[in-house]
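> predicted model follows, preceded by the sequence.
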Amino acid sequence: MSVAILLAGVAGVLSAVGLCDVAVLFAERRAAAAGRATPSGPQRAVTALARLGRRIGAPAAPRDLEARLAAAGLAARLRPADAMAMKAGGGAAAVLASAPVVATLPPRLMLLALPLAAAAGFLALDLHLARRGRRRAQQARVELADVLDLLRVAVAAGLPTGRALTEVGRHRGGLVAAELRALAERLTLGVPRADALAELRRALPVPALATLVAAIDRADRHGASLAPALTALAEEARADRARALRDQAARASPRIQLAIALLLVPAVLLLVAAGLVHGLA
């Protein structure tokens, strides 16, 4: 019975892979006939998972999914409904991929392993969004002090806030500058400043960015100068970056010691042993 279940699982996985290949082939042919560019491998995989999720029925998106997509920098490329379809497709694909292994387990463990595989595939996108959001937040903390200094100089030179954001985003590279460029483009397209600033706060949920948005909003409403607030924010961001670098160095020290103990010391001992063996020979 277990052999039959194993063969059935393998057949299911192979059939799923074959159907995906056929779907990709038809999509490539339609794209070539229409003169469009052929999507890459990861894009095809994402599209296939989303289609599979829509076929089996994707659940409704939670309220915080849009905020998590924005924090991961994917709000412009991935809608919450598409993300939920990907999650449902990922759960189904995980069940199909794990079927050959699960089929060899006892029935009780099989009933436990299949839901766990489905849950792992369903939650994989959430883990990816959380990890990507943490990386973006960490990169923003590193870049923020320099960007705030440039913004302070631009505002002190007499540029309006919108123009200063545009110039800093245009002449500075990095993640924060890219988000400032996007903010300036939204303002140019006529998006209300409050909505554009709220989008910036969702894209980079860093406390210093939230304080910057509040300072810009306060300066717009009351006509106050933005330069003192930018100076204080730059100093605070620089101190935060120094603390982050110290914490990173403290975490790296045990790893360095472990590498020395496991790699360098045995290598030196092997060289000494080789010299002794050569001398005795």
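Looks like it arrived, so ask away. Because the structure is predicted, anything quoted here is derived from the model rather than measured.
> need the next SSE after the strand or helix carrying Asp126, C-terminal direction.
Element membership of Asp126, judged by DSSP states H and E, is helix 107-156. Heading C-terminal from helix 107-156, the first helix or strand you meet, by DSSP H and E, is helix 161-171.
> which non-adjacent residue is nearest Val213?
Leu197 (4.6 Å; C-beta to C-beta, 6 or more residues apart in numbering). Every residue, glycine included, has its C-beta placed from N, CA and C.
> what's the distance between that neighbour and Ala215?
As defined by C-beta to C-beta, to the nearest Å, Leu197 lies at a distance of 10 Å from Ala215.
> who's more crowded, the two?
Leu197 (23 against 18; other C-beta atoms under 10 Å).
> what's the spacing between that one and Arg68?
Taken as C-beta to C-beta, the span from Leu197 to Arg68 is 19 Å.
> what's the answer for His222, then?
With the distance defined as C-beta to C-beta, His222 ends up 33 Å from Arg68.
> tell me which of these two has more neighbours.
Arg68 (21 against 7).
> need the contact list for that one.
Asp126, Leu129, Ala130, Gly133 (C-beta atoms under 8 Å, 6 or more residues apart in numbering).
> now the third one. Nearest residue, chain neighbours left out?
Okay, so that is Ala130. Arg68 (7.4 Å).
> within the helices and strands, which one has that neighbour?
Judged by DSSP H and E, Arg68 forms part of helix 65-71.
> list the buried residues for that helix?
Buried residues in helix 65-71, counted by 16 or more other C-beta atoms under 10 Å: Leu65, Ala67, Arg68, Leu69, Ala70, Ala71.
> spit out the contact partners of His278.
By C-beta under 8 Å, 6+ apart, His278 has no neighbours at all.
> quick one: average confidence on the one helix or strand it maps to?
In this assignment (DSSP H and E), His278 forms part of helix 265-280. Throughout helix 265-280, pLDDT has a mean value of 79.
> that one: how far from the chain's middle?
47 Å (C-alpha atoms, centre = their mean, to the nearest Å).
> that one: which residues count as buried?
Per 16+ other C-beta under 10 Å, helix 265-280 contains no buried residues.
> quick revisit: select only the buried ones of the contacts of Arg68 in ChimeraX?
Selection of buried members from the contacts of Arg68 for ChimeraX, criterion 16+ other C-beta under 10 Å:
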select :129,133
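> pick out the residue closest to the middle of this protein.
Arg132 (2.2 Å; C-alpha atoms, centre = their mean).
> and which of the buried residues of helix 65-71 is nearest to Gly279?
Ala71 (62.6 Å; C-beta to C-beta).
> pretty sure the closest one is touching Arg201, no?
No. Ala71 lies out of contact with Arg201 (C-beta atoms under 8 Å); the separation is 10.0 Å.
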